[in-house]
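Student: sequence unavailable; structure follows:
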């Protein structure tokens, strides 16, 4: 049965696998409320014995396009990161289903999961330099941890997009499936994990994630400071305008 814990976040138990789904298509932009609802769902599932593995999915063409800088409300990075931090303390495996763009903070959300299954059409995009902004959502820790410092530096400093095939080669994705088969493939992947002994899975998950939250918290603190400073610059305003107008930005270093 599907439960709605937030207007844009649902939870559905399917045997020993539970799907947490974002319902804010087409871009699935996040804010602190949406991120907090996902974190709350994961915390509840930690205390649900029937749930052994969680799948994080979203409706629409995007997995998550991060923050909407052209939205009606000013984004407060610290509020988002406070809401997100508990995700990194969960005690059950989390599989993200990346069907399309995972952009900016949306890439950070994908990297909060233990595994990422992607379609070839997926786009993993740390677009911060194109916005005149410092990376956020813990990416300065989670991206190097996932793919290595050198590859992470290349993606963060160039701001280039990575499709599903390259993501698999880099280690950003753990599996690839055609778009129409992606959700079933992710469920099969999660169900296979869920066949393991629950107490052993919990113990291994704790060992793998132990200490990660502290590193992510430190990264988020640095990221928030840098983002708050850069959000007041002319370059950031130009980057956001250029993205909205779908043109190359013209940065001046001011």
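Tutor: Now that the structure is in, tell me what you want to look at. Quick caveat, the model's predicted, so the values are computed rather than measured. Residues are numbered from 1 along each chain as shown.

Student: residues contacting residue 173?
Tutor: Shown here is residue 173, whose contacts under the criterion Cβ atoms under 8 Å, 6 or more residues apart in numbering are 98, 116, 117, 118, 122, 124, 164, 167. Bear in mind the C-beta positions are built from the backbone N, C-alpha and C, glycine included.

Student: next one: residue 145 from residue 111, what distance?
Tutor: Separation of residue 145 from residue 111 (Cβ to Cβ, to the nearest Å): 8 Å.

Student: residue 18 in helix, strand or coil?
Tutor: strand (DSSP: H, G, I helix; E, B strand; the rest coil).

Student: run a quick neighbour tally on it.
Tutor: Other residues near residue 18 number 24, with proximity taken as other Cβ atoms under 10 Å.

Student: helix or strand for the nearest residue to it once chain neighbours are set aside, which one?
Tutor: By the measure of Cβ to Cβ, 6 or more residues apart in numbering, the closest residue to residue 18 outside its immediate chain neighbours is residue 51, 4.5 Å from it. With elements taken from DSSP states H and E, nothing contains residue 51; it lies in neither a helix nor a strand.

Student: same thing with the one 10 residues further on?
Tutor: Residue 61 is part of no helix or strand when elements are defined by DSSP H and E.

Student: same question, residue 182
Tutor: Take DSSP H and E as the rule and residue 182 turns out to sit in helix 179-194.

Student: quick check: next helix or strand after that helix?
Tutor: On the C-terminal side of helix 179-194, the nearest following helix or strand under DSSP H and E is helix 198-209.

Student: distance between that following helix and the chain's centre?
Tutor: Between the centre of helix 198-209 and the centre of its host chain there is 21 Å, according to Cα atoms, centre = their mean, to the nearest Å.

Student: what comes up buried for it?
Tutor: By neighbour count, with 16 or more other Cβ atoms under 10 Å as the criterion, the buried positions of helix 198-209 are 201, 202, 205, 209.

Student: looking at those, which is nearest residue 153?
Tutor: Using Cβ to Cβ, the shortest approach to residue 153 within these belongs to residue 209, at 24.1 Å.
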